[in-house]
Structure formats: C-alpha cells, structure tokens
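Novice: Next comes the sequence, and after it the predicted model I'd like to discuss.
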Amino acid sequence: MKGRRPKPAGMSTRRPVREEGGPTVRLPRRPPHVQGEARKEWTRIGRKLAACGLMTEIDGAALALYCQAWARWVDAEEKLSKFGVVISAPSGFLVQSPFLAIANKAMDQMTRLLTEFGMSPSSRVRVAAMKPARASVPLRRSEEDDPRKALRVVQ
C-alpha cells in the first residue's frame, strides 16, 4: 500500500464501512499440520480474533501461515538464547548464527500477517470487523447459561 499509513483509531475521523452479512464470524477448524507451538498460538489468537469479529471460515489459511511463522520465530529465539547470536565456524572465525536469519525472516512474515488481521495500531483503522455470530463465538456467559439460575427456579 503506497502513501502514508492511516492513523490509529481515535486519531482519525474516517472509519471503515462495516457491511451486514458476509461470511460467518467463527474460528475455522485447525489444519492437521498446525502442531506444537503453532497449535497453541492458533487457539490463543484465533479466539481473540473471532471475539473481535475479525475471523471467518475463509481466513483459516492466513491464520495458519501466521501460526507457523510464530512457531518458527519462537523456536529460533530459543536456539538464539541457547547458542548466541554469534557462533564459531569450523574455520575458527566468528559468524552470525543461522538462527538469527530464521528469527528475522519469521518476524517479517508475522509483521505482514499481523497487519492483515488488524493487529497493529495503524492497521486497525483499515480492518472492518464483522458482527460475531452468537452461537459460534461465545464471548461471555449469559444469565440463561447460568446453571445456578435453574437451581433457583427448582427451589
């Protein structure tokens, strides 16, 4: 996107148009190849995006890409803390750790995907949230769901 980045919400008078209808807001089924740290991130961030009305069934591939980049970044950062940023080559010279390049590439990928989901202050202005479907995204327990209320009725 060329030009200036849009201002964060509260600093701009323009808001995206939120249309009614469209895909159902819900967390899609996790692909089977998303495992380990990526799986944890899928659950953590996917629920938050769905609760905000930013996750639909068609967004599963983009979320999987983000989660895989997240897992790669976490793994590379763990290796960097273990081996350091500079390592000795077989020739004896000090060289940059290959895990630093992996971590930096994963951070670039995550940054691009974060803006797609509106997870940065400036990108939030460009993302239009949809109204979450009540049945598919439980945000809070309502009074109807409270089992204590049913017990009060029986007594």
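Specialist: Right, received. Where do you want to start? Residues are numbered from 1 along each chain as shown.
Novice: what about the residue nearest to Ser97 when sequence neighbours are not counted, neighbour count?
Specialist: Spatially, and ignoring its direct neighbours in sequence, Ser97 is nearest to Ile87 (5.0 Å; Cβ to Cβ, 6 or more residues apart in numbering). From N, CA and C alone the C-beta is placed, and that goes for glycine too. Ile87: 13 surrounding residues under other Cβ atoms under 10 Å.
Novice: again, but for Ser81
Specialist: Residues near Ser81, counting by other Cβ under 10 Å: 10.
Novice: quick check: mean pLDDT across the strand or helix carrying it?
Specialist: Assigned by DSSP states H and E, Ser81 belongs to helix 60-83. Per-residue pLDDT over helix 60-83 has a mean of 96.
Novice: In it, which of the residues would be classed as buried?
Specialist: Residues of helix 60-83 classed as buried by neighbour count (16 or more other Cβ atoms under 10 Å): 60, 63-77, 79.
Novice: can you pull out the strands in the protein?
Specialist: 86-88, 94-96 (DSSP state E).
Novice: okay if I get those as JSON lines plus distance to Gln35?
Specialist: Below are the strands of the chain laid out as JSON lines (distance: least, Cβ to Cβ, whole Å):
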{"stretch": "strand 86-88", "distance to Gln35": "28"}
{"stretch": "strand 94-96", "distance to Gln35": "29"}
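Novice: Show me where this structure dips below the pLDDT cut-off.
Specialist: For the chain, the stretches flagged by pLDDT under 70 are 1, 6-22, 130-155.
Novice: still on that earlier bit, residues contacting the helix holding Ser81, please?
Specialist: Residues external to helix 60-83 that are found in contact with it (Cβ atoms under 8 Å, 6 or more residues apart in numbering): 28-31, 33-34, 36-39, 41-42, 45-46, 49, 55, 97, 99-100, 102-103, 106-107, 109-110, 113-114, 116-117.
Novice: just checking, Thr115 touches Arg124?
Specialist: No: applying Cβ atoms under 8 Å as the test, Thr115 and Arg124 come out as separate, 9.4 Å apart.
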